[in-house]
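Novice: Take this sequence and fold it.
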Amino acid sequence: MSESSQSLFMIHNMPSWVTIPEAAEITMKTLKRKIIPGDIYRHALSGDILLSIYFQSPVIIKKIQTFNGKVKFRQFDGGLIDKLCQLDKNGFIYEHNLTLCTEGKYIHPTPRIIDTTLMGYEYVLIQRILAHEFKFPLPVTGAKELNYGITVKLSGNIFQTFEKMTWEKRVENQLGQLPKKAAMNVMAQLAAEKIMKYRQIDYFPLYNLPSDACFVIRYAEVEKLINLYKKDIKSTKSSPRITTPLSRLFWLACKHNDTISPLLKHPYKLLSIFEQWASDDGIKEELNAETLKRALERGSPSSTSLFS
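Specialist: Okay, here's the model as predicted:
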């Protein structure tokens, strides 16, 4: 079988979605360059590609109200048990009583693979995964300081995810999230109240992914990522070459910087630091790990490549 026939065979037999490590491997084999799962997550956080969530067990969703393209919030009013069960842990402790405005009926979607635009707390979950991939410190709060729940996109609309259980079970779960002293105080207050709806079943927001759910990516998004890299490669080839003296200066600056010197042999990890610095200083141009790698290789005084 010829190489072109093999490629055609692979495309027609590719599943509609793949895991993140599989996506990195497919991209790497197609482009013949190193791609790791962290690169996939980084592109997702940058808005270059969409990730999806694989819900292995049934999930419940409800449409989020929007106005001029932005999600709407409402001030949540309710008693102690209502706030405990409807707000996330920090929202309850620090009395941040804003919740997402939803409308319509609760829906039990048939698809197990549902897209996410990372509008909700799933963005922070990806930040944490990225930090783990590159061995960074975990984000203290993440880009979303307040947790308004996990959101997904279906048929062009944004939905909030929910779970269905008794109030009694929800109280138990939420108390388990609180610091021990706070949980004991809440339990004492609830014990003094006459709660009539403990055994009633209701819908409650998900503030984290279910334990059996995970991020995946549709193959169409993998193709989009591959095309992005191909475009970047063409742009790199047509861009002016970095001179050796400039490469030497760049290598020296990196070598004698305590923060980035340990990462000289890891340009893909080093890129994240430069991207953060660029963002802090308002630089919008997209940075490229391959360009960084070549500049460091060329600037190194050693005749042996740093990356061999």
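Novice: Give me the below-cutoff pLDDT ranges for the stretch 101-250 of the chain.
Specialist: For the stretch 101-250 of the chain, the stretches flagged by pLDDT under 70 are 233-242.
Novice: all strands of it, in order?
Specialist: 102-107, 113-116, 151-154, 157-166, 201-205, 213-218 (DSSP state E, counting those that start in this stretch).
Novice: Distance to A253 and mean neighbour count for those - can I get that in TSV?
Specialist: Quick note: C-beta positions are derived from backbone N, CA and C, even for glycine. Converted to TSV, these look like this (distance: least, Cβ to Cβ, whole Å; neighbours: other Cβ atoms under 10 Å):
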stretch	distance to A253	mean neighbour count
strand 102-107	51	13
strand 113-116	39	18
strand 151-154	41	20
strand 157-166	44	18
strand 201-205	48	16
strand 213-218	36	20
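Novice: Quick check: which of those is nearest to F55?
Specialist: strand 213-218 (5.0 Å; Cβ to Cβ).
Novice: list the helices and strands the closest one packs on?
Specialist: Judged by 3 or more Cβ pairs under 8 Å, 6 or more residues apart in numbering; DSSP states H and E, strand 213-218 is in contact with strand 17-19, helix 20-31, strand 51-55, strand 113-116, helix 122-133.
Novice: now the first one: how far from the chain's centre is it?
Specialist: It stands for strand 17-19. A distance of 15 Å separates the centroid of the chain from that of strand 17-19, by Cα atoms, centre = their mean, to the nearest Å.
Novice: What residues sit buried inside it?
Specialist: 17-19 (16 or more other Cβ atoms under 10 Å).
Novice: what mean pLDDT does that strand have?
Specialist: Averaged across strand 17-19, the pLDDT comes to 97.
Novice: Could you list the residues in contact with that strand?
Specialist: 26, 52, 54, 113, 214, 216-219, 222 (Cβ atoms under 8 Å, 6 or more residues apart in numbering).
Novice: Save the residues you listed as CSV, and put in distance to I36 too.
Specialist: Below are the contacts of strand 17-19 laid out as CSV (distance: Cβ to Cβ, whole Å):
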residue, distance to I36
I26, 13
S52, 20
Y54, 20
I113, 23
C214, 17
V216, 16
I217, 14
R218, 19
Y219, 19
V222, 14
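Novice: from these, which single one is nearest K153?
Specialist: So of the contacts of strand 17-19, ranked by how close each gets to K153 (Cβ to Cβ), first place is S52, at 9.1 Å.
Novice: Adding distance to C254, write the strands of the stretch 101-250 of the chain out as CSV.
Specialist: Output for the strands of the stretch 101-250 of the chain, formatted as CSV (distance: least, Cβ to Cβ, whole Å):
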stretch, distance to C254
strand 102-107, 49
strand 113-116, 36
strand 151-154, 39
strand 157-166, 42
strand 201-205, 45
strand 213-218, 32
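Novice: of all the helices and strands packed on strand 213-218, which lies closest to E297?
Specialist: Taking the helices and strands packed on strand 213-218 one by one with Cβ to Cβ, helix 20-31 is closest: 18.7 Å.
Novice: Could you pull out the helices in this protein for me?
Specialist: Along the chain, counting by DSSP state H, helices occupy 3-12, 20-31, 37-45, 80-86, 89-93, 122-133, 167-175, 180-192, 219-238, 244-255, 267-280, 289-299.
Novice: Which stretch among those is buried most, on average?
Specialist: Comparing the helices of the chain by mean neighbour count (mean count of other Cβ atoms under 10 Å), helix 37-45 ranks first with a mean of 22.
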